[in-house]
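Colleague: Give me the fold of what follows.
(2 chains)
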Amino acid sequence: QQKVQQSPESLSVPEGGMASLNCTSSDHNFQYFWWYRQHSGEGPKALMSIFSDGDKKEGRFTAHLNKASLHVSLHIRDSQPSDSALYFCAASRGSGSWQLIFGSGTQLTVMP
Amino acid sequence: EAAVTQSPRSKVAVTGGKVTLSCHQTNNHDYMYWYRQDTGHGLRLIHYSYVADSTEKGDIPDGYKASRPSQENFSLILELASLSQTAVYFCASSDAWVSYEQYFGPGTRLTVL
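Modeller: Predicted coordinates for the structure are as follows:
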């Protein structure tokens, strides 16, 4: 079983809608999280990190972390076609840790 | 912005042949990584390095070697390529002193026939 599990595997939302992605770590040693985004034909790029309980907002993107349940979510409001991409959740041992364990990704499609 | 380049961008190799994938970063980062991406598995770490002339095994090192001759360059070597090594390979780098955000290259698509 993968240590970092993401759901759903794929998601379609209309332009302007809200996309919600979920991620859970099964290892309490890995409770610091990153979100990465990968557009087709490119390498992944970091969107944001979240290391503390609660919400973290960056523009249209909001991450929510619950350390007790090792659950993190990513919400994208006012979704744009350019947000269509593969989104990875990655967990690390600490905010200063090099090691990332990646989930298998959620494919987001934003329909014009 | 951090820059990581990879070469070649795509390659077709024969089973049993030797393949070398190259990575170059211009960010003065300490850490460099090699991942492979397969559908349904996300990104899996093959090898990593935190200093020149030293490499460490990641989660799936079998069948792969790595070389870090300088801080800027990191290579992945498949001595005897196999069909199961068909995948997209990504190199990444990160800075241990500012942030551990990993900066990825554009990837190399390897097909082993």
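Colleague: Show me which residues of chain A sit near chain B.
Modeller: Applying CB under 8 Å from any CB of the partner chain, we find that chain A lies next to chain B at A:2, A:4, A:34, A:41-46, A:49, A:88, A:92, A:95-100, A:102-105. Placement of C-beta: from N, CA and C, glycine included.
Colleague: Please pick the buried ones from these.
Modeller: Neighbour counting by 16 or more other CB atoms under 10 Å in any protein chain shown classes A:4, A:34, A:43-46, A:49, A:88, A:92, A:98-100, A:102-105 among the residues of chain A next to chain B as buried.
Colleague: Where is pLDDT lowest across those?
Modeller: Lowest-confidence member of those: residue A:98, scoring 84 (pLDDT).
Colleague: Quick one: residues contacting residue 71.
Modeller: I'll assume chain A. For residue A:71, the contact set (CB atoms under 8 Å, 6 or more residues apart in numbering or on different chains) comprises A:22-24, A:65.
Colleague: look at chain B instead
Modeller: Residue B:71 neighbours (CB under 8 Å, 6+ apart): B:28-30, B:51-52.
Colleague: Retrieve the pLDDT associated with it.
Modeller: 96.
Colleague: a helix runs through it, doesn't it?
Modeller: No. Per DSSP: H, G, I helix; E, B strand; the rest coil, residue B:71 lies outside any helix segment and is coil.
Colleague: phi, psi of it?
Modeller: With angles defined as degrees, to the nearest 10, residue B:71 sits at phi -60, psi -30.
Colleague: I'd assumed residue A:87 was in contact with residue A:10.
Modeller: No. Look at residue A:10 against residue A:87 with CB atoms under 8 Å: they stay out of range, at 10.5 Å.
Colleague: What residues are bridge-paired with the closest residue to chain A within chain B?
Modeller: In chain B, the residue that lies nearest chain A is residue B:104 (3.3 Å; CB to the nearest CB). As for beta bridges, residue B:104 partners with residue B:92 under DSSP bridges.
Colleague: Quick one: neighbours of it, just the number.
Modeller: By the measure other CB atoms under 10 Å in any protein chain shown, the count of residues near residue B:104 is 22.
Colleague: quick one: secondary structure of the residue in chain A that chain B sits nearest to?
Modeller: Going by CB to the nearest CB, chain B is nearest to residue A:43 of chain A, at 3.3 Å. Under three-state DSSP, the three-state class of residue A:43 is coil.
Colleague: who's in contact with the nearest residue to it once chain neighbours are set aside?
Modeller: Of all residues not flanking residue A:43 in the chain, residue B:104 sits nearest, at 3.3 Å (CB to CB, 6 or more residues apart in numbering or on different chains). Taking CB under 8 Å, 6+ apart as the contact definition, residue B:104 lies against A:43-45, B:4, B:90-92.
Colleague: roughly how far apart are residue B:40 and residue B:69?
Modeller: Using CB to CB, to the nearest Å, residue B:40 is found at 34 Å from residue B:69.
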